[in-house]
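Asker: Structure for this input, please:
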Amino acid sequence: MFPKPITVESLDKYHIALKYDDGTAGTVDLSNLAHQGVFEEWEKNNLFSKVYIDSETQTIAWNDELDICPDALYLRLIGMSFEDYKSLTHATD
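Answerer: Numbering: from 1, shown residues only. Sure thing, here's the model as predicted:
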């Protein structure tokens, strides 16, 4: 099971700061998503700066239709693939 996000903050264009309940914290660059499909919405009404943690789904969200899986962002913070993380967590079970 992945840690849960506890804080998220928009820093500058396409960068967010995250903290998880296991103490992992850092900055994630989301510029690779900018101007791609639904993420074009970030350009409207300064939406990117309005990031929050959805209290129901625990996703990193900008509105009801635009969110990112917090597990994927956690993996980016720790620099691991899902497969590596899975083998690491199974090794400690």
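
Asker: if you skip the residues just before and after it, what's nearest to Ala17?
Answerer: What sits nearest to Ala17 in space, not counting adjacent residues and going by C-beta to C-beta, 6 or more residues apart in numbering, is Glu9, at 4.6 Å. For every residue, glycine as well, the C-beta is placed using N, CA and C.

Asker: how about the strands in the chain?
Answerer: For the chain, strands defined by DSSP state E occupy the ranges 5-10, 15-20, 25-29, 52-53, 60-63, 66-68.

Asker: Only C-alpha atoms, please: export the first one in PDB.
Answerer: If I follow you right, that is strand 5-10. This file holds the C-alpha atoms of strand 5-10, laid out as PDB (Å, rounded to 0.1, in the frame of the first residue of the first chain):
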ATOM      1  CA  PRO A   5      -0.600  12.600   0.400                       C
ATOM      2  CA  ILE A   6      -1.100  15.000   3.300                       C
ATOM      3  CA  THR A   7      -0.100  18.300   1.700                       C
ATOM      4  CA  VAL A   8       0.200  19.700  -1.900                       C
ATOM      5  CA  GLU A   9       1.100  23.200  -3.000                       C
ATOM      6  CA  SER A  10       1.600  24.800  -6.400                       C
END
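
Asker: now it, how far from the centre of its chain.
Answerer: The chain centre lies 8 Å from the centre of strand 5-10; the measure is C-alpha atoms, centre = their mean, to the nearest Å.

Asker: which secondary structure elements does that strand contact?
Answerer: strand 15-20, strand 52-53, helix 70-78 (3 or more C-beta pairs under 8 Å, 6 or more residues apart in numbering; DSSP states H and E).

Asker: Quick check: which ranges of this structure have low pLDDT?
Answerer: The chain contains residues with pLDDT under 70 at 90-93.
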